[in-house]
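# model the following, please.
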Amino acid sequence: MAFLPLRCVARLSGDAGAGPGPSYFFVTEKGVVVNRRGRVSLFARNLTSEKWHHKFDGWGSVPIPASRSVFLGPIQGSIREYALDTGDELRRTAYAGSGTVKGIAEKVYLLAGGAGVDAVDLSGTFLWRHDAPVGHALAAQDRFIVSEDLERTLVCLDANRGQVVWRFIPPPMGGGDSARRSQTMPMGFPSVTVSGGRLVAITMDFRVFVLSLQSGEVLLSSSVSATGVPALTAESIFFIAPHGYVEITRDSLTEVVRADYRDEVAPLYGSHHLTINAACVHDAAIVWTTMDGAVMAIERDKIDGRWKVWSDEVPDALMPLGIAPQAHDGHVYVAHRGPNPELLCYESVARHRAH
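Got it, this is the predicted structure:
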């Protein structure tokens with residue numbers, strides 16, 4: 001089904017009444033959870049109505065989704081858990097440290113700060129600490145995955161005891177700066193993800209490693225001839241550049257698509273350089289942001305031998321590097337920074353008409 005063009009149907013201010021700031025969000029079947037400075041809310045999918053909200057003192061943080069709830073914090077010395085459908089506060093767990101919640105595994109909170117990570121249980125009891133500056137920090141099953149050594153080492157920790165289960169260091173390619181770059185898995189992009197008992201790690205020189213979550217064994221690896229930023233779906237890994245993309249399968253790392261749409265997108269950039277800050281994959285389209293404050297998209301299926309493209313320039317917008325837009329069903333969401341930060345909601349005109 002056609003997806004483009006898009007139209008902007010809502011612009012949610014980053015100022016929720018406590019001053020401007022970034023909007024952190026995720027999309028669920030219940031709607032869009034948005035955390036801004038001093039206010040966390042659940043909005044309808046098109047951002048035009050607020051279903052519930054809670055006010056608090058302090059800056060917003062990235063909300064952590066669970067199956068029926070959302071976790072935030074710490075806020076004024078406690079981690080908060082709210083029911084997704086009603087907004088009811090389900091739990092308030094005391095935490096006096098400096099970290100922010102990065103994930104929940106086996107009823108254990110992982111909180112990462114500048115000097116390391118803490119683990120506390122749901123009652124607030126301190127369990128263990130891992131002393132090392134970390135980049136990535138994510139939860140998966142009964143494991144926590146953190147990156148160390150300027151994002152060149154992945155460490156798998158047992159969620160309950162904090163013991164190191166395994167470490168992974170990508171083999172270097174070349175020497176000096178080239179070797180360091182070839183080992184880096186940058187935290188600003190989705191370069192470390194977990195799905196189905198497998199961990200996918202992507203390095204800055206476009207090598208892909210698939211590891212067993214339990215043992216750290218390298219199950220698959222491949223060097224991909226590509227440029228751009230990574231974006232992942234349940235089945236595939238995409239490398240998206242301003243002028244095209246490469247798609248490989250997650251299960252075998254086999255290339256299945258290599259698309260070049262330079263001729264179609266070059267006019268959208270006008271006099272600007274072809275840039276890409278972050279991207280996401282929809283079942284029907286590729287969506288990305290640019291260094292010059294634009295949102296662009298291209299349908300994944302050609303029409304009469306050509307790619308269908310679309311763009312929208314957002315005045316005074318600073319598109320965050322590596323923080324991807326999100327696309328769900330017939331909507332696309334983009335959070336931008338700048339003097340007047342906003343969360344934008346775009347709607348597929350074609351899919352709206354179909355309904």
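# when you work out contacts or count neighbours from here on, use the C-alpha atoms and nothing else.
Will do.
# can you count the residues close to V101?
25 (other Cα atoms under 10 Å).
# give me the nearest residue to it, chain neighbours excluded.
Distances taken as Cα to Cα, 6 or more residues apart in numbering place L111 nearest to V101, at 4.4 Å, with adjacent residues excluded.
# same question, A10
Using Cα to Cα, 6+ apart, the closest residue to A10 is C345 (5.1 Å).
# follow-up on the earlier one: isn't the residue nearest to V101 up against A96?
No. If you go by Cα atoms under 8 Å, L111 and A96 don't touch, sitting 11.0 Å apart.
# following the chain past the helix or strand that contains S222, name the next helix or strand.
Using DSSP states H and E, S222 maps to strand 218-223. Downstream of strand 218-223, the next assigned helix or strand under DSSP H and E is strand 229-232.
# circling back to that earlier point, by contact count, what packs against the helix or strand in which the residue nearest to A10 is found?
Remark: C345 resides in strand 342-348, with elements defined by DSSP H and E. When contacts are defined as 3 or more Cα pairs under 8 Å, 6 or more residues apart in numbering; DSSP states H and E, strand 342-348 sits against strand 6-13, strand 331-336.
# which is the next helix or strand following that strand?
Remark: after strand 342-348, the chain's next helix or strand is helix 349-354, criterion DSSP H and E.
# pLDDT of that next one, averaged?
For helix 349-354, mean pLDDT rounds to 75.
# now what about that helix, what contacts it?
Helix 349-354 has contacts (Cα atoms under 8 Å, 6 or more residues apart in numbering) with M1, A2, F3, L4, P5, L6, R7, G330.
# likewise for stretch 153-167?
105-106, 108, 119, 127-130, 142-148, 168-170, 183-184, 214-216.
# that one: end-to-end distance?
One end of stretch 153-167 to the other measures 7 Å (Cα to Cα, to the nearest Å).
# which positions within that stretch qualify as buried?
T153, L154, V155, C156, L157, D158, A159, N160, G162, V165, W166, R167 (16 or more other Cα atoms under 10 Å).
# number of residues surrounding A96?
11.
# quick one: it and I75 touch, right?
No. With contact defined as Cα under 8 Å, A96 does not count as touching I75 (10.0 Å).
# any weak-confidence spans in the stretch 251-355 of the chain?
354-355 (pLDDT under 70).
# which residues in it form helices?
For the stretch 251-355 of the chain, applying DSSP state H, counting those that start in this stretch gives helices covering 262-269, 349-354.
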